[in-house]
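>>> Sequence plus predicted model, see below.
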Amino acid sequence: MSATPIDTPPLATHVPASGSSRTRWRRLAVDGLWHRNAALVQLLGLCPLLAVSHSLVNAAALGLATLTVLLVSNTLIAALSRHLHDAIRLPAQVLVIATAVTLIERAMLAGLPDLHASLGVFLPLIVTNCLILGRAEAFARRAPVSDAAVDALATGTGFAAVLCALGALRELIGRGTVFGDAAWLLGDAAAGLEVRLFDADHALLLALLPPGAFILLGLLLAALRALSALSVRPARSARPPRTGTDAHDDAVHR
Amino acid sequence: MPVPVPIPRTALTLGALVGVALLLVLGVDRGTRSLVESTRARVLERTLVEVLPAANGDEPVRGAPAPERIVPAPDATEPYAPRWIEWRRIDGRPAGMAMSVIAPDGYNGDIALLVGVRVDGTISGVRVTDHRETPGLGDDIERRRSDWITRFDGLSLDTVPPSDWAVRRHGGRFDAFTGATITPQAVVDAVHGALSWAERHGTLRGAGASR
């Protein structure tokens, strides 16, 4: 439907074999952060993205947790993949991911109980975030460990950044604050970080509810698309984020 | 053409992975258990301070010596029997108690509540300590999400007739949330049930308080 040419498959399955490691890593970083940004381009992991992004602190916590799980799973799977026969590849990957998630959840329960309570079921649900298994399956299992780690950092940061942007936006519109409840994540010393920009009475409740999250994400995607369309684009360097139907291949994963 | 799977080797690999994962999870569980326990205790302590009657209306003072916790004999025939009761004494005299109650009929299962009651039978505070209600819809029962739960403060069986212990849609006096009736109704029922349990058992009178 879209006029945008699809020049990489939705889940890039190629491993950039050529070039120095620095070039490869730079490309992985740019791809993960922008060109195939998990949330903006591939539209992966939207369930937790939309469910917990009602405040910046929540969003940042889930973003960090997802990033950590992705880093652990990508690295381990890249290291183990030589020993994993195809028949047990998927169960082994899921096992690695689930173990990482369980350990992180336990650590958060012990150290950051308020945040743990606030994220609720979405913390264990990181296991089912298709973004993580997607990177394991499509990239990490065929990549050197270092590449897999760089890819995880880039993809995870890209996801967390969108999560934080959406969280800040929704908190601002819905509650009139930014960084409310910062103490949940950073300890009591951070309680003063909250910035109240206007009175909550004037806030728009819709922004805090899941439909508001969908609407805001839609607007965000539209704005980014419009931006890339405006910018001068030589064929490769400023490829606009692929959105909508282009990414429908991913739908089966969600 | 299917390639035959080397079953012993793959089984061994997967088994070893499962073993390592199990050891890791067990180890971390062991290692963090005392920390998790103390964190839970701290959170519960904080919630108890919120629901128990305060000494003079503003600054809560936890009763010293050690809080008296009573575990009533479980009775399946009694709805909303508290799991435990903790008394608060101020200057040696009972000031009130907190009941740990389960609302079994939340939208997603149990909702755990602390119901604080003064010796005169009025509610000093209610807080949700654990629940799995839908984020964004049912979780307004949490104090940090909305002030709905504070509307129980000061109510008692004497001032609210039985038919009023329900959400408005069911003919009662309590507001429901947009899109969620089951959750607030479950909480209202549990608070009412706990008060009624204490009334039937003369729990507050038993403390030597006159009503």
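Good, I have the coordinates. Since the model is a prediction, treat every value here as computed from it, not as a measurement.
>>> Please identify the buried residues of stretch A:117-137?
Of the residues in stretch A:117-137, those buried by neighbour count under the rule 16 or more other C-beta atoms under 10 Å in any protein chain shown are A:117-120, A:122-123, A:125-137. The way it works is simple: take the backbone N, C-alpha and C, and place the C-beta from them, glycine included.
>>> Please list which of those residues are also close to chain B.
Cross-checking the buried residues of stretch A:117-137 against chain B (C-beta under 8 Å from any C-beta of the partner chain) gives A:120, A:122 as the overlapping residues.
>>> Out of the buried residues of stretch A:117-137, which sit inside helices?
Cross-referencing those with the helices (criterion: DSSP state H) gives A:117-119, A:130-137 as the overlap.
>>> Tell me the one among those residues nearest to A:Val101.
Taking C-beta to C-beta as the measure, A:Val101 sits nearest to A:Ile132 out of these, at 8.8 Å.
>>> Might one say that the closest one is in contact with A:Thr66?
Yes - look at A:Ile132 against A:Thr66 with C-beta atoms under 8 Å: they come within range, at 7.3 Å.
>>> what sits in contact with each of the two?
Common contact partners of A:Ile132 and A:Thr66 (C-beta atoms under 8 Å, 6 or more residues apart in numbering or on different chains): A:Ile126.
>>> where along the chain do the helices fall?
Assuming you mean chain A. Counting by DSSP H, one finds helices in chain A at the ranges A:21-30, A:46-52, A:56-80, A:86-111, A:113-119, A:130-138, A:145-175, A:182-186, A:210-230.
>>> that's the other chain; I wanted chain B
With DSSP H, the ranges of helices along chain B come out as B:7-51, B:182-201, B:203-206.
>>> do the second one and chain A meet?
It stands for helix B:182-201. No - if you take C-beta under 8 Å from any C-beta as the test, helix B:182-201 misses chain A, and the best it gets is 14.2 Å.
>>> residues in contact with the residue in the stretch 101-250 of chain A that chain B sits nearest to?
Of the stretch 101-250 of chain A, the residue with the smallest distance to chain B, taken as C-beta to the nearest C-beta, is A:Ala110 at 4.1 Å. With contact taken as C-beta under 8 Å, 6+ apart, A:Ala110 is in contact with B:32, B:35-36, B:39.
>>> which two in these are spaced the farthest apart?
Across the contacts of A:Ala110, the two members that end up farthest from each other (C-beta to C-beta) are B:Thr32 and B:Thr39, 9.2 Å apart.
>>> overlap in contacts of those two?
Taking C-beta under 8 Å, 6+ apart as the contact criterion, the residues that touch both B:Thr32 and B:Thr39 are A:109-110.
>>> Which residues of chain A lie near chain B?
Residues of chain A that fall close to chain B, judged by C-beta under 8 Å from any C-beta: A:51-52, A:54, A:80, A:83-85, A:87-88, A:91-92, A:95-96, A:98-99, A:102-103, A:106-107, A:109-111, A:113, A:120-122, A:181, A:205, A:208-210.
>>> try 6 Å
The interface of chain A toward chain B, taken as C-beta under 6 Å from any C-beta of the partner chain, is made up of A:51, A:83, A:85, A:87-88, A:92, A:95, A:99, A:102-103, A:106, A:109-110, A:113, A:209-210.
>>> If burial is judged by neighbour count, which of these pass?
With neighbours counted using 16+ other C-beta under 10 Å, the residues of chain A next to chain B contain these buried positions: A:51, A:85, A:87-88, A:92, A:95, A:99, A:102-103, A:106, A:109-110, A:113, A:209-210.
>>> Would you mind measuring from the residue of the stretch 101-250 of chain A closest to chain B to A:Val72?
When C-beta to C-beta, to the nearest Å is applied, the distance between A:Ala110 and A:Val72 equals 18 Å.
>>> try B:Asp153
Distance, B:Asp153 to A:Val72, by C-beta to C-beta: 46 Å.
>>> Same check on A:Val94?
To A:Val72, A:Val94 is 13 Å away according to C-beta to C-beta.
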